[in-house]
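K.L.:
how would this look folded up:
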Amino acid sequence: MADKRDYYEVLGVDRGADDSAIKSAYRKLAKKYHPDVNPGDKEAEKKFKEATEAYGILSDPQKRKQYDQFGHAAFEQGGGGAGGGFGGFGGFGGADMGDIFGDIFGDLFGGGGRRRPNNGPMKGANLRASVRITFEEAVFGCEKELELNLKDTCTTCNGTGAKPGTSPETCPKCHGSGQVVYTQQSMFGTIQNVQTCPDCQGSGKIIKEKCTQCHGTGFTSSRKKIKVTIPAGIDNGQSIRIREKGEPGVNGGPRGDLMVEVVVARHPIFQRQDMNIFSTAPITFAQAALGGEVRISTVDGDVLYDVKPGTQTDTKVRLKGKGVPSLRNKNLRGDHYVTLVVEVPTKLNEEAKEALRKFDEACGNRPSSGEKKKKFGEKLKDMFEN
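P.N.:
Residues are numbered from 1 along each chain as shown. Coordinates of the predicted model:
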């Protein structure tokens, strides 16, 4: 059998793979190349049979030991063989093929090979809502009130869904188990597939006379107000979990939770990055040149900051502890970084213009009016002399 591929290569596992890895590898290949998934595809059927044969050997400890020692030759001339063909499970030794094919056919035909009954206590579904807050509310925290439609156990039927004086009956289709078993014939023999009962939807009970208040659901809906505590330091897109404010549980299970997403409005001045706040602050030309106090807006209100003489535009200053509080420790805050921008006046009266000219002359950036006249006279003299 020199033309046969190595069984480990077929399954895509190494020689030291444990039983779980071999089983998992075969399950994936069987689902991928199963003839029912690839009708008429001879190549897929060939790969499926090849994988099944490999699994039949490697899943049996004794046969795997023989294969590891002698290779394919161990099963030539009736030396053990994969045996059993595809009509039964004889070639798979002690392997739990009922488990394998229960999972495979459950996926292929819409059910679960081993699905737990869902008529036991189950937690209710989570509800989702959103709340809009301002930038400052996100920094310091706040309380908001939401108005939502919430379900509660029906007081008329006490959650049974049945008309008062009657009771739910055991489902005749699944006999109260919440599941039905379908038998299918395949190339491997008889396969049992477990699915949720379509008549009772897995509850195991049938309600013949429904409660008029809840229409058989067991729940009633009402509009309720819920207070939401927004913690200081929360950021845009983060959610707050409110325990047991979601959908009611099933069969005595606990309520689900309410997940409230926080949407933070943009601020006209401040921008946030993690726990730090960033902004810009304008200062006048005189303040930049001479220094002095400037007023800077922060989330805590305006603060006075001493600008050094000769401050240039785009100078960055740090206001320590004026940022966003930590969600874990409200006493720990980030910083506020301010970029100072020197403003150039656009409207000047004559008095201001003259003052700037004198300032410029004093700095040596332009000649005085007397120097201008002297230079003009010297130019005329040079013209006439030439």
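K.L.:
and the nearest residue to residue 310 once chain neighbours are set aside, backbone torsions?
P.N.:
With CB to CB, 6 or more residues apart in numbering as the criterion, residue 310 has its nearest non-adjacent residue at 6.7 Å, and that residue is residue 289. Where you see a C-beta, it was placed from the backbone N, CA and C, and this is true even at glycine. Residue 289 has phi and psi values of phi -80, psi -40 when expressed as degrees, to the nearest 10.
K.L.:
residues contacting the residue nearest to residue 284 when sequence neighbours are not counted?
P.N.:
Excluding its sequence neighbours, the residue lying closest to residue 284 (CB to CB, 6+ apart) is residue 343, at 6.1 Å. The neighbours of residue 343, taking CB atoms under 8 Å, 6 or more residues apart in numbering as the test, are 282-285.
K.L.:
What segments of the stretch 251-386 of the chain are helices?
P.N.:
285-290, 350-362, 369-385 (DSSP state H, counting those that start in this stretch).
K.L.:
least reliable of these going by mean pLDDT?
P.N.:
Across the helices of the stretch 251-386 of the chain, helix 369-385 has the smallest mean pLDDT, namely a mean of 54.
K.L.:
just to revisit the earlier point, roughly how far apart are the residue nearest to residue 284 and residue 163?
P.N.:
78 Å (CB to CB, to the nearest Å).
K.L.:
Tell me where the stretch 151-300 of the chain has strands.
P.N.:
Along the stretch 151-300 of the chain, counting by DSSP state E, counting those that start in this stretch, strands occupy 169-170, 179-186, 189-196, 205-206, 219-230, 239-242, 258-264, 271-273, 276-284, 292-298.
K.L.:
Is it correct that residue 303 is in contact with residue 319?
P.N.:
Yes. Counting by CB atoms under 8 Å, residue 319 is a contact partner of residue 303 at 6.8 Å.
K.L.:
any idea how the protein splits into domains?
P.N.:
7-95, 127-164+212-264, 271-343, 350-385 (automatic domain parsing).
K.L.:
hang on, the earlier thing: need the strands of the stretch 151-300 of the chain in CSV (columns: mean pLDDT and distance to residue 11).
P.N.:
Formatted as CSV, the strands of the stretch 151-300 of the chain follow (pLDDT from 0 to 100; distance: least, CB to CB, whole Å):
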stretch, mean pLDDT, distance to residue 11
strand 169-170, 89, 45
strand 179-186, 77, 21
strand 189-196, 75, 22
strand 205-206, 87, 45
strand 219-230, 92, 50
strand 239-242, 93, 43
strand 258-264, 95, 43
strand 271-273, 95, 50
strand 276-284, 94, 54
strand 292-298, 93, 65
